[in-house]
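> quick one: sequence plus predicted model below, questions after.
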Amino acid sequence: MAPDKTDKKEATIERARQLADTGQYAQAIAVWRQLLDESPNDANVYNTIGDLSVKSRVNAEAIDAYNKAARFFLQEGFHLKAIAVYKKILKLEPARGEIYTLLGDLNVVRGLMNNAIADYLSSAKLFLKSGKTMNALTLFRKIAKVDPQNTDVRLRVAELCLKENLQDVAIEEYLCVGKEFQRQGRGGEARTLYDKILKLAPGHAEARRRLDTPYQPELEAPAAATPEPDEMTVADVVQEETVEGGIELSLPESTLSAPLQPASGAEGAPGSLSEARRLLAVGDLAGAERMVRAFLLEDPDQREYQAVLGLVYLKKGQLSPAYDILYPISKAWLTKGRREEASDLIDAYLMAEPDDDDFLQLKARVTQEPAAEKTETPSPKVTPAEVEKPLVLQVEPAVVLAEESVPAAATGMSAGGLDPDVEALFQEFRKRDKAHARDGKYETHYDLGVAYKEMGLLDEAIEELQQAACGPTRFVDACAMIAACYKSQRRNTTAIALLERALADPRCVGPGGPYVKYDLAVLYEEEGLTDKAARLFTDIPSIGDAQDRLDRLRGGPPPAGQSPAQTKRPVSYL
């Protein structure tokens with residue numbers, strides 16, 4: 001975009017923000033719409049229009065804008081942002097079954113099958129409540145494909161088929177479940193189903209045979225009623241099973257043809273990371289993707305697996321999801337000193353997109369010494385997956401670092417004791433720790449929390465980030481993001497209390513700790529607690545603009561009206 005056009009766009013955005021800040025929402029919306037003349041597919045503009053329409057209490061216009069924003073986010077490959085926008089629609093109209101269906105489809109695309117099942121069940125419940133039985137039946141069919149071993153769902157499908165006079169389909173479902181019951185040794189339940197079949201179709205030969213003959217596993221033919229899970233693709237769930245009045249999900253063919261990963265996980269999945277890399281090298285993208293997705297079901301936080309998936313996307317020409325995966329991993333590996341591995345990822349991306357500024361900056365950093373990596377250059381792009389995620393490394397004993405992190409005046413919190421919201425938050429952390437030790441999906445919770453925050457869904461963001469904080473590597477990041485949510489809610493006192501408590505926690509170790517200090521110091525400064533702010537800035541002079549702020553606090557000019565939300569810095573989320 002030419003410089004004059006850029007200046008004009010920035011001036012338009014500033015005018016729209018000023019109107020919104022003074023409560024002139026209709027006028028602000030009109031100004032935002034002017035930007036659509038130049039960029040008619042700008043998802044961020046539509047999202048902002050939706051937010052302003054909500055403030056104007058014009059929900060119909062808000063939903064229309066949100067639908068357009070989500071559609072364009074999907075076209076760009078930003079699925080997390082689309083999910084966050086659809087969640088906004090559900091806040092306005094919770095009974096939108098088609099939205100839950102779409103969320104389920106998106107979770108299938110992302111490989112989160114248990115999340116997909118939950119969304120499909122919510123959608124089916126709403127459709128049943130409104131009398132749309134066929135739509136509910138479609139949802140149960142989706143679940144049956146995603147979770148083929150779920151006999152309860154298949155029985156529900158049979159019952160709905162009977163209500164819709166689809167007797168042949170119901171009989172087929174009863175027969176399949178009966179066979180499964182026999183294989184599981186549940187003979188009595190199997191006989192009940194065969195009785196049902198014979199009441200519907202007295203001449204049904206197989207049901208009669210199975211009812212009258214003892215079960216003989218060695219005589220069973222291989223089950224072929226439905227495709228094996230590893231033969232099914234995303235399209236089998238997302239495209240073949242559609243609800244009436246649903247929202248069309250436009251996806252590239254490479255995504256639709258990806259193998260479906262069943263909800264039951266990847267038990268005993270063959271192969272290895274080296275085998276997945278070999279398949280990638282010889283061009284077997286489907287095989288590599290299938291194998292690495294199986295690994296990620298077991299260990300979703302493993303960056304080596306994520307990197308292979310990112311390279312698969314890259315070879316398919318899907319640059320947006322490839323960027324979302326490869327950019328943060330490359331930065332993290334550079335920070336950790338894994339320069340050769342980071343360089344391989346950077347070179348691979350630049351071969352596909354040689355003019356990408358972010359990866360060109362990383363390429364320049366490859367020649368630097370790992371020890372010189374003190375700060376990160378902020379990325380001009382703004383997507384959830386691009387937020388820097390510092391690795392948690394045991395660099396000092398936890399107790400020593402905790403004692404050094406918090407000044408004596410800070411540890412007392414306040415005269416009245418701990419902020420009740422913060423105390424409740426840490427109790428929630430403790431309560432969830434054991435449950436989430438078996439979950440393992442901390443990155444999913446964290447990324448979704450970031451997306452929710454960017455979309456203004458602060459309560460939902462806090463809920464997701466609470467879950468992420470229970471993971472082994474996300475405590476510091478999640479606490480900083482929750483504090484940022486509190487600040488956005490104008491609850492600076494609560495944000496301060498949370499960061500004070502986090503700094504005193506033994507888990508607050510590694511490279512993220514100094515940035516938590518920075519956030520806390522900025523909040524102190526904003527609240528007029530200059531002595532506390534100065535003490536913290538003294539500890540971290542090399543972080544961001546800490547030294548400049550310290551100089552101002554010691555007698556220089558004020559910080560020019562900057563707030564934490566306006567200050568650009570490497571790894572601070574306020």
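Nice, I can see it.

> CA atoms for contacts and neighbours, from now on please.
Noted.

> break this structure down into its domains, please.
Here the domain assignment for the chain is 149-216, 273-373, 398-553, based on automatic domain parsing.

> got a markdown table for these, with distance to Val243 too?
Shown next, in a markdown table, are those (distance: least, CA to CA, whole Å):
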| stretch | distance to Val243 |
| --- | --- |
| domain 149-216 | 15 |
| domain 273-373 | 27 |
| domain 398-553 | 26 |
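
> which of those sits most buried?
domain 398-553 (a mean of 20; mean count of other CA atoms under 10 Å).

> pLDDT of that one, averaged?
Mean pLDDT, domain 398-553: 73.

> go through the domains of the chain and name the closest to Ala82.
domain 398-553 (9.1 Å; CA to CA).

> which residues sit in contact with Thr192?
Counting by CA atoms under 8 Å, 6 or more residues apart in numbering, Thr192 touches no other residue.

> need the pLDDT of it.
pLDDT for Thr192: 90.

> now it: how far from Cys161?
18 Å (CA to CA, to the nearest Å).

> likewise Tyr86?
30 Å.

> and the residue sitting nearest the centre point of the chain, its phi and psi?
Centroid-nearest residue in the chain, with CA atoms, centre = their mean: Leu448, separated by 3.2 Å. When read as degrees, to the nearest 10, the backbone of Leu448 gives phi -70, psi -40.

> please name the residues that touch it.
Each residue near Leu448 by CA under 8 Å, 6+ apart is listed here: Leu80, Ala84, Pro384, Ala461, Glu464.

> burial count for the first one?
The tally of other residues near Leu80 (other CA atoms under 10 Å) stands at 25.

> let me know the helix or strand that it is in.
helix 79-92 (DSSP states H and E).

> in that helix, what counts as buried?
His79, Leu80, Lys81, Ala82, Ile83, Ala84, Val85, Tyr86, Lys87, Lys88, Ile89, Leu90 (16 or more other CA atoms under 10 Å).

> so, low pLDDT: which residues of the protein?
Applying pLDDT under 70 to the chain picks out residues 1-6, 215-230, 246, 261-272, 282, 294, 296-301, 367-441, 472, 556-574.

> strands along that one, start to end?
Under the criterion DSSP state E, the chain carries no strands.

> for Leu126, which of the domains of the chain is the nearest?
For the domains of the chain, proximity to Leu126 was assessed by CA to CA; domain 149-216 is nearest, at 14.6 Å.

> distance of Arg110 from Ala546?
Applying CA to CA to Arg110 and Ala546 gives a distance of 40 Å.

> over to Glu304?
Glu304 is 35 Å from Ala546, by CA to CA.

> who wins for proximity to Asn47 among the domains of the chain?
Using CA to CA, the nearest of those to Asn47 is domain 398-553, at 7.9 Å.

> now the closest one: how far from the chain's centre is it?
Centre-to-centre, domain 398-553 and its host chain are 21 Å apart (CA atoms, centre = their mean, to the nearest Å).

> same question, stretch 33-45
Distance, centroid of stretch 33-45 to centroid of chain: 25 Å (CA atoms, centre = their mean).

> what is the end-to-end distance of it?
Taking CA to CA as the criterion, the two ends of stretch 33-45 lie 8 Å apart.

> swap in stretch 532-546?
With CA to CA as the measure, stretch 532-546 spans 13 Å from end to end.

> which residues touch the closest residue to Gly178 other than its chain neighbours?
Once flanking residues are discounted, Gly178 sits nearest to Ala190: 4.4 Å by CA to CA, 6 or more residues apart in numbering. Residues counted as contacts of Ala190 (CA under 8 Å, 6+ apart) are Val177, Gly178, Lys179, Phe181, Gln182.

> among the residues you listed, which are in helices?
Among the contacts of Ala190, the ones falling in helices (DSSP state H) are Val177, Gly178, Lys179, Phe181, Gln182.

> need those residues in TSV (columns: distance to Ala201).
Putting the ones in helices among the contacts of Ala190 into TSV (distance: CA to CA, whole Å) gives the following:
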residue	distance to Ala201
Val177	17
Gly178	15
Lys179	18
Phe181	20
Gln182	21
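
> ok, and what's touching stretch 200-207?
Contacts with stretch 200-207, where a contact means CA under 8 Å, 6+ apart, come from Gln167, Ile171, Leu175, Tyr194, Asp195, Ile197, Leu198.

> isn't the first one up against Cys161?
Think Gln167. Yes - with contacts counted by CA atoms under 8 Å, Gln167 reaches Cys161, the gap being 6.4 Å.

> distance of Arg96 from Asp195?
38 Å.

> I meant to write Asn44 there.
Asn44 sits 58 Å away from Asp195, taking CA to CA as the criterion.

> same question for Arg290.
In this view, Arg290 and Asp195 are 40 Å apart by CA to CA.

> cool, Val157 as well?
For Val157 relative to Asp195 (CA to CA), the value is 18 Å.

> do Ala483 as well
According to CA to CA, Ala483 stands 60 Å off from Asp195.

> now swap in Ser53 and tell me
As judged by CA to CA, Ser53 and Asp195 stand 57 Å apart.

> kindly report the same for Arg277.
The gap separating Arg277 from Asp195 is 51 Å, by CA to CA.

> now the helices for the stretch 101-250 of the chain?
Taking DSSP state H, counting those that start in this stretch as the criterion, the stretch 101-250 of the chain contains helices spanning 113-129, 133-146, 151-163, 167-183, 187-200, 205-212, 234-238.

> and of those, who's closest to Ile540?
Closest among those, using CA to CA: helix 113-129, at 41.2 Å.

> now the closest one against helix 151-163, angle please.
Inter-element angle recorded for helix 113-129 and helix 151-163: 30 degrees (by axes from the mean of the first three to the mean of the last three CA atoms, to 10 degrees).

> roughly how far out does helix 113-129 sit from the chain middle?
19 Å.

> just name whatever secondary elements that helix is in contact with.
Here helix 113-129 touches helix 97-110, helix 133-146, going by 3 or more CA pairs under 8 Å, 6 or more residues apart in numbering; DSSP states H and E.

> give me the contacts around that helix.
95-101, 103-108, 133, 135-137, 139-140, 142-143, 146, 261-263.

> check contacts around the closest residue to Gln306 other than its chain neighbours.
Excluding the flanking residues, the one nearest Gln306 by CA to CA, 6+ apart is Ile325, at 6.8 Å. Counting by CA under 8 Å, 6+ apart, Ile325 makes contact with Gln306, Ala307, Leu309, Gly310, Ala385.

> just to revisit the earlier point, okay, the residue nearest to the centre of the chain and Ala478: tell me how far apart.
In terms of CA to CA, Leu448 sits 11 Å off from Ala478.

> Gly471 contacts Thr444, doesn't it?
No - look at Gly471 against Thr444 with CA under 8 Å: they stay out of range, at 11.0 Å.

> hmm, back to that, nearest to Leu249, of the domains of the chain?
With CA to CA as the criterion, Leu249 lies closest to domain 273-373 of the domains of the chain, at 16.5 Å.
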